[in-house]
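Trainee: Generate a structure from the sequence data that follows.
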Amino acid sequence: MTDLYSIVLMQTNRVGIDHRRDIRKANLDRIIEIFGYGPTRLAFREYAPLKLVVLPEVFMQGWNNNPEPYSNLFTKVAKDMAIRIPGDEIELLAEQARKYKTYIAGSAHEVIPEISTEFAFNAAFIIDPAGEVIYKRHKYCPYLPYSGRDDVSPHDVWDRYIEVMDGKYGRKKGDELSCMFPVIETDIGKLGYLICNEAFYPEHSRAMALQGCEVMIRSSGMAEPDGSPPQDLWEVTNRAHAAFNTMYVAACAPGNLLVRGNPANSYPGGSMVIDYHGAIVQHVNYPGETVTAAQISIEALRRRRMDPRHNWLTQVRSEAFRHMYDKPLYPINMYADRLPVDQADRSRAQPIQRFVEEGVYIPPRRGND
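Mentor: Got it, this is the predicted structure:
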C-alpha cells in the first residue's frame, strides 16, 4: 500500500474531431509528448512518488456539434468518433502507464458492441501501472441541453447494461449500485470516478462513498459561466463532494476546446485537488493547457474517518430518505427498444410538467399577470 503519493492533473486542450482516425494527430500525440512533464518535474520520487495521472473529459475526441454525414449526433459519435476500451488508443496510454509505473485515468466516447454499435457511452476508465484497464464506468446523467452530443446513459438501457457489465471492471457481481457506480480497491486507495455533469447530483458521490471510495476522480468539461466566479459551480461541487463524504476529489478540467463555433476559452480551466475536509490543496486558476500536481495521503484520510467528529457519512439517518424516490422521476430503459435519434427526446422526458400538476413546482406567472 502506498500511503503518500503524487497525483498529476493534465489540463490539456481538446480538438473536436470528425473521425477517430484523427485522434492521434489532433489530441493524443500532444498528450504523449508532454506526459513526462508530470513524472519528471512535479512528482517527488522519494517523498511522494507519482501514482496517478488524470486527464480531462473526452480528451481524445472533444465534442462535435456537426452530425454530418448522419442525421443526428448520437449516430455521428457512435459511428465515426467513439473508440473501444481497451483498444489501440488506450494502448498508447498504457505504454506511458508502464513506463512511469503509474495509474492513468480519463474519459472517452466508447462503443460497447455487446450493447449496441448505434450509440456510444461517455466512459471513465483507469489503466493500472501494468497497462491493464482495471476500471470502467459510464456517465449516468448526461448533460441534457446538448442532446446527442453527450451519448447515452446506462440508465437508458438499464437491463441490457447490467446484463453485459455485471461483475466487470471493478463491479461487484449481482450488485446494481456497484454496476452503475463501481469503486475499485487498489494499492493507492479505493478509487471512484465521476464525469462532469454527474457531480451536480449528490447521490452519485454518496453511492461511491457508501462503498468506501477514498479518492474521487472527476474529469470534466464545465463551460462558462458555470465554472467561473461568481457562480463557481465547479469549485462548489468539488468541495462539497469531498467534505460531505470525507474523501479526496481530484478534479481535472480541460484546457481550450478547439472546434468550429466555439471560443477558445469557453472552458475556464480550474483543475484542482480537494482534501477530505473540503479544502483546496491545489488549484489551476486559469484556462488553457497546463499540468499540475498535489499529494495524497491515504493513511491520513483513513485516520480521519475513524474520528466520529464531523464524519457526516456515518451520521446519516437513512430511514426518512428511503421513500424519496419511490415514484420514478426520469424514465428508465428509454432506449431499450428504439434508437436515440430525436435530439429533444431526453429533455422532453424530464418530469417538469408532472411536478407542476402535482403541486411540487409552482409555475411562473404568464406575461404581465
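
Trainee: in this protein, which residue is closest to the centre?
Mentor: residue 195 (1.6 Å; C-alpha atoms, centre = their mean).

Trainee: Kindly state the beta-bridge partners for it.
Mentor: Following DSSP bridges, residue 195 is listed with bridge partners residue 219.

Trainee: Residue 136 is in contact with that one, correct?
Mentor: No. The criterion here is C-beta atoms under 8 Å, and residue 195 misses it with residue 136 at 11.7 Å. Glycine gets a C-beta too; all of them are placed from N, C-alpha and C.

Trainee: from the chain's centre, how far out does the helix or strand of the chain with the lowest mean pLDDT sit?
Mentor: Of all helical and strand segments in the chain, the minimum by mean pLDDT, DSSP states H and E falls on helix 345-348, at a mean of 84. In terms of C-alpha atoms, centre = their mean, to the nearest Å, the centre of helix 345-348 is found 22 Å from the chain centre.

Trainee: Which element is encountered next along the chain beyond it?
Mentor: Next along the chain after helix 345-348, taking DSSP states H and E as the criterion, comes helix 352-357.

Trainee: Quick one: mean pLDDT over that next one.
Mentor: Average pLDDT, helix 352-357: 94.

Trainee: what does stretch 306-314 give?
Mentor: For stretch 306-314, mean pLDDT is 93.

Trainee: Give me the distance between the two termini of that stretch.
Mentor: 10 Å (C-alpha to C-alpha, to the nearest Å).

Trainee: What of stretch 70-86?
Mentor: One end of stretch 70-86 to the other measures 26 Å (C-alpha to C-alpha).

Trainee: and what of stretch 175-190?
Mentor: End to end - C-alpha to C-alpha - stretch 175-190 spans 17 Å.

Trainee: excluding its backbone neighbours, what's nearest residue 55?
Mentor: residue 106 (3.6 Å; C-beta to C-beta, 6 or more residues apart in numbering).

Trainee: Go ahead and confirm that neighbour touches residue 35.
Mentor: No. Counting by C-beta under 8 Å, residue 106 does not reach residue 35; the two are 11.8 Å apart.

Trainee: sorry, back to before: and the residue nearest to the centre of the chain, what does it touch?
Mentor: Residue 195 is in contact with 57, 107, 122, 124, 139, 218, 219, 220, counting by C-beta atoms under 8 Å, 6 or more residues apart in numbering.

Trainee: Rebuild the residues you listed as JSON lines, extending it with neighbour count, distance to residue 288 and pLDDT.
Mentor: Shown next, in JSON lines, are those (neighbours: other C-beta atoms under 10 Å; distance: C-beta to C-beta, whole Å; pLDDT from 0 to 100):
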{"residue": "57", "neighbour count": "27", "distance to residue 288": "16", "pLDDT": "96"}
{"residue": "107", "neighbour count": "29", "distance to residue 288": "19", "pLDDT": "97"}
{"residue": "122", "neighbour count": "29", "distance to residue 288": "23", "pLDDT": "97"}
{"residue": "124", "neighbour count": "28", "distance to residue 288": "23", "pLDDT": "98"}
{"residue": "139", "neighbour count": "26", "distance to residue 288": "25", "pLDDT": "97"}
{"residue": "218", "neighbour count": "30", "distance to residue 288": "19", "pLDDT": "97"}
{"residue": "219", "neighbour count": "29", "distance to residue 288": "17", "pLDDT": "96"}
{"residue": "220", "neighbour count": "25", "distance to residue 288": "15", "pLDDT": "89"}
